[in-house]
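A.B. asks: here you go, sequence then predicted model.
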Amino acid sequence: MSSDGRQPAEATTEATRPADYGTLYVVGIGPGLPHDMTQRAKDVIQTADCIIASNLYQEFLRKDGTLPPQSAELDGETDDGEIADEEGTVLERPDGRQQTLIRSSMGKQVELAREAFERVRAGEDIAHVSGGDPNVYGKSDLLFTMADADNADDVPIEIVPGVTAALSGAANLGAPLSNDFCTISLSDKWRGWDEIEEKLRAAAISGFVVVLYNCWRDYERAVDVLREERADDVPAAIVNDSGRGEAGRNLDDETETITTLGELSEHDDKVGGMGSSIVVGTHETEVWRNDYQEFLVTPRGGRDVDDF
């Protein structure tokens, strides 16, 4: 190590990946429908040897041919005739190439990660599909953690970014995130509520626009914490299934409800399942209306036209 603490160049040289290995791609597909996916995500899924995706994302990916239709299945037919099970279904693409499609489910993530590692070592490219962006409450941390636990440091991993719900919902609302913002998950599966409350309070005091994920878990409790540190009249919004249009699974397809922090709990009927997120503005956030709809706008640094 040099006197300034840096490693010598030769110590940081990357190993050369084996020529017969594939790559594990963790692919963010945004809301899930093809029109909101990046071209990179579509290309990786269409050319992968094996695709790991949930029932819902398989359905979405079939809509424009990113995944071949059910009629392209060669074996492994499932009970409903449409969705691949954990053992996988072989698909034939229009160009004759074959892909294996494996169903992802919550209780099988460790096993699926290990199978992905072995398939990469056998020369396959794997597209492990993650809704939204893999780095925002997605699949990327799981796969890196599993790679570390299973000594799979020889497996090439690449993250393909996607549009997370905070950004997709913000696009529907106008410009609520144009200043500093943060995301906070209300899921207490891996951490206690005390930690969640601490983060909520810190975000509110610090003046961040706050985007809440997993709002089906104690969102009213989160709102009460934010109200202790932020005025009731700041604009807020509830977003459901942003980017999914009529394919939404929460309530009435894709919806946005603009209200205030103090009145959020009065719209409990607008908060559905996993596809619900809540945006809480600051004292600088404004409701702006044109001839067609309402928008939320948080000017950067409170600037106006003269500041541009």
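C.D. replies: Received the coordinates, thanks.

A.B. asks: start to end distance for stretch 172-183?
C.D. replies: 17 Å (C-alpha to C-alpha, to the nearest Å).

A.B. asks: residues of it that come out buried?
C.D. replies: By neighbour count with 16 or more other C-beta atoms under 10 Å, stretch 172-183 contains the buried residues 172-179, 181, 183. All C-beta atoms are positioned from the backbone trio N, CA, C, and that covers glycine.

A.B. asks: average pLDDT for it?
C.D. replies: Stretch 172-183 shows a mean pLDDT of 96.

A.B. asks: low pLDDT regions in this protein?
C.D. replies: Where the chain drops to pLDDT under 70, the residues are 1-14, 75-87, 245-252, 302-303, 305, 307-308.

A.B. asks: what domains does the record give for it?
C.D. replies: What automatic domain parsing lists as the domains of the chain is 18-163, 166-307.

A.B. asks: between the buried residues of stretch 172-183, which sits nearest residue 205?
C.D. replies: Checking these against residue 205 by C-beta to C-beta gives residue 181 as the nearest, at 14.5 Å.

A.B. asks: beta-bridge partners for that closest one, please?
C.D. replies: For residue 181, the beta-bridge partners under DSSP bridges are residue 209.

A.B. asks: residue ranges of the strands in the stretch 51-200 of the chain, please?
C.D. replies: With DSSP state E, counting those that start in this stretch as the criterion, the stretch 51-200 of the chain has strands at 73-75, 89-92, 98-103, 126-130, 157-160, 174-175, 181-185.

A.B. asks: just put these in JSON lines and tack on distance to residue 270.
C.D. replies: JSON lines is the format used below for these (distance: least, C-beta to C-beta, whole Å):
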{"stretch": "strand 73-75", "distance to residue 270": "39"}
{"stretch": "strand 89-92", "distance to residue 270": "37"}
{"stretch": "strand 98-103", "distance to residue 270": "31"}
{"stretch": "strand 126-130", "distance to residue 270": "26"}
{"stretch": "strand 157-160", "distance to residue 270": "32"}
{"stretch": "strand 174-175", "distance to residue 270": "18"}
{"stretch": "strand 181-185", "distance to residue 270": "19"}
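
A.B. asks: please identify the most buried of those strands.
C.D. replies: For these, the largest average neighbour count (mean count of other C-beta atoms under 10 Å) is found in strand 126-130, namely a mean of 28.

A.B. asks: got the contact list for stretch 196-212?
C.D. replies: With contact meaning C-beta atoms under 8 Å, 6 or more residues apart in numbering, stretch 196-212 is reached by 165-166, 169-170, 176-177, 179-186, 188, 219, 222, 225-226, 228-230, 277-283, 285, 298.

A.B. asks: no wait, stretch 135-155
C.D. replies: By C-beta under 8 Å, 6+ apart, stretch 135-155 touches 17-18, 21, 24, 26, 28, 109-110, 113-114, 116-117, 120-121, 128, 130-132, 134, 157, 159, 161, 164-166, 183, 185, 187, 213-214.

A.B. asks: from residue 90, how far out is residue 72?
C.D. replies: 9 Å (C-beta to C-beta, to the nearest Å).

A.B. asks: if I look at the residue most central in space within the chain, how far off is residue 208?
C.D. replies: Centroid-nearest residue in the chain: residue 132, 2.4 Å away (criterion: C-alpha atoms, centre = their mean). Distance of residue 132 to residue 208, computed by C-beta to C-beta: 20 Å.

A.B. asks: and residue 180, by the same measure?
C.D. replies: In terms of C-beta to C-beta, residue 180 sits 5 Å off from residue 208.

A.B. asks: and the buried ones among the contacts of stretch 135-155, selectable in ChimeraX?
C.D. replies: In ChimeraX syntax, the buried subset of the contacts of stretch 135-155 is picked out as below (16+ other C-beta under 10 Å):
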select :21,24,26,28,109,113,116,117,120,128,130,131,132,134,157,159,161,164,165,166,183,185,213,214
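
A.B. asks: residue 235 contacts residue 281, doesn't it?
C.D. replies: Yes - under the criterion of C-beta atoms under 8 Å, residue 235 makes contact with residue 281 at 4.4 Å.

A.B. asks: can you check which residues contact both of those two?
C.D. replies: Contacts common to residue 235 and residue 281, judged by C-beta under 8 Å, 6+ apart, are 176, 261, 296.

A.B. asks: what secondary structure does the last one sit in?
C.D. replies: Think residue 296. Here residue 296 takes the strand state, with states given by DSSP: H, G, I helix; E, B strand; the rest coil.

A.B. asks: what's the local residue count around it?
C.D. replies: 24 (other C-beta atoms under 10 Å).
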